[in-house]
Each structure stands twice: as C-alpha cells, then as structure tokens.
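1. Sequence first, predicted model second:
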There are 2 protein chains.
Amino acid sequence: MAYKEKEIEKLYYSIGEVAEIFNVAPSLIRFWESEFELIQPKKNRKGNRQFTVEDINNVRTIYHLVKEKGFTLQGAKEMLKNDTQSVKDKMEMIDSLKRIRQFLSEVRDKLH
Amino acid sequence: MAYKEKEIEKLYYSIGEVAEIFNVAPSLIRFWESEFELIQPKKNRKGNRQFTVEDINNVRTIYHLVKEKGFTLQGAKEMLKNDTQSVKDKMEMIDSLKRIRQFLSEVRDKLH
DNA sequence: GCTACGCATGGCCTACAAAGAAAAAGAAAT
DNA sequence: ATTTCTTTTTCTTTGTAGGCCATGCGTAGC
C-alpha cells in the first residue's frame, strides 16, 4: 500500500471501548452516567450507548477529578457546577476587596 | 478595672474546644489525627490532647479540603503532599479577608 | 460466541459515630 | 474545706451507614 492508512476517527464508541480507554469496568461508566449530568451519550434504537469524542472527553473530566485528583463524587459535582472552586474562591476574594475599598472611600469622605 | 482586659490567647485548646470551632465531633478530630501527619497535637502526661493555635490551623486546612472542597481523605493527602504551601496561602488570604471585613464592620458601627 | 442493555442486589472500604471506661469539673450538703 | 453525687470531658476500641462501584440475571442484536 502506497500510503499509510490514516487513523480514522470513529463517530461513535461503545461503552466497552470507552471503559477500556480508562481501564475501568463498563458498569462504572454507566454508574457515572447516572450520577453526572455531564455524561449523556446518545443511544441507538436498541438502547446501546454511542459515545462521541466529546462524550469521551467528558468522561475524562470525571475520571480526572475522581480518580486522579481525589474528589468525592459530590465534590466533583460541586467542582463542575461552580466552574471550579478556585475560581469561586478568587471571586470571593475580589468581591471582598471591592467591598472593603468601597467602605474605605466612604470613611474617607466622612473624615473631610 | 482601669484597663480593659486584653484578650488572652490560650496556649492550649482541648479537643472539645477544637471540635466546637469546626462544629464537628471530637471523634472526628481524633480520626483525622490518625490519618494526617499534619495533625499532631501534643499530649499531656495523662494523654489529653493539647492543641496550639498552629495545630488548629492545620485542622482548618484539613477541614477546608475535606469538608469544603470535597476531597477524599486520600485526595487531601495528595494535595498536602504536593501543594501544601499554596493551599495554606489561599486559606490565609481568605481568612485574612474575613478578619478585615469583620474589623471594618466594627469600625463602621462605631462611627454611627 | 460476543457484546450490549436495564435492573437488582451484593459487597468492600471510607469516613466517621457510638460505646464504654475513666478522669475532671461542678454543685450541694455537711 | 471536704465529702458525696452528678455532669461533663476525655480517652481508646469497636461498630456502622453509606459511598462507590461490581456482579449476576434475564434479554436481545450481531
């Protein structure tokens, strides 16, 4: 063959393939699907899950939070809900600083 | 008394006091002590735990990771292993801002 | 045969809570 | 002040609810 066959990116992946990618049991993927809104693969007429690459990336996100970073499922949900806790923490800080500045300028005005 | 008595910062706090600060059961503090090297209060001759302010701040770090951010204990341990300083820095910032806000609202009340 | 499905049930740790004993701290009476 | 009784606080050890999946069953398409 003259040309090396190009890797074809499949449209859909089965649950078994996805499970293998992350080296977990298919039941775990189904369980996560029941727990996380983020994971919602299409199903064909028969009911089989069809994972797109994006679906798989969503699974990857869950996997990363739960298996690599060590969040509880609840903690991972919060993380996803709030864009990430650290963002939230930073916003709280900024908000706090704004209020402080506001307050201090009021004080300055009263001192005059 | 002519002078307002200064708040005395205790040298040692009992496990009950520490538990109350975080609104958890004393048994949980003991359990965390058994799990995290970070928490190692001194014990007196009788075996009672004596928490310094620093010990309490270490408990606060655990509390933050486990109860607020949603890490598993294992996840929290990893976090502490790799990233102790930045966790502590952020917590100090948040704590510092809280104190400042508290102080400023006292100032505001006195101005009225 | 292989892989998928849903559903139910099973099971192992994690993350604590409760139990039980002993000491300390009040409180009441002497 | 001291004795006695009660309540609170601590300790260590043991128990346990629930979180996090895994396994098994019956079924169906390829």
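-> Alright, I've got the coordinates. Residues are numbered from 1 along each chain as shown, chains lettered A, B, ... in the order given.
2. Around DNA strand C, pick out the residues from chain A.
-> Within chain A, the positions adjacent to DNA strand C are A:14, A:15, A:16, A:17, A:26, A:27, A:30, A:43, A:47, A:48, A:49, A:72 by Cβ under 7 Å from any atom of the strand. Any C-beta I mention is one placed from the backbone N, CA and C, and that applies to glycine too.
3. What is the worst-scoring helix or strand of chain A on mean pLDDT packed up against?
-> In chain A, the helix or strand scored least confidently by mean pLDDT, DSSP states H and E is helix A:85-111, which has a mean of 75. Helix A:85-111 sits against helix B:73-111, with contacts defined as 3 or more Cβ pairs under 8 Å, 6 or more residues apart in numbering or on different chains; DSSP states H and E.
4. any chance of the residues of chain A next to DNA strand C in CSV, with pLDDT too?
-> Output for the residues of chain A next to DNA strand C, formatted as CSV (pLDDT from 0 to 100):
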residue, pLDDT
A:14, 93
A:15, 94
A:16, 93
A:17, 94
A:26, 95
A:27, 95
A:30, 96
A:43, 91
A:47, 87
A:48, 92
A:49, 94
A:72, 97
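5. so which of these also contact DNA strand D?
-> Among the residues of chain A next to DNA strand C, the residues within reach of DNA strand D (Cβ under 7 Å from any atom of the strand) are A:27, A:72.
6. Sort out which of the residues of chain A next to DNA strand C are buried, if you could.
-> For the residues of chain A next to DNA strand C, a burial check counting by 16 or more other Cβ atoms under 10 Å in any protein chain shown picks out A:15, A:49, A:72.
7. I'd say the first one and residue A:47 touch.
-> No: Residue A:15 sits out of contact with residue A:47 when judged by Cβ atoms under 8 Å, with a separation of 11.1 Å.
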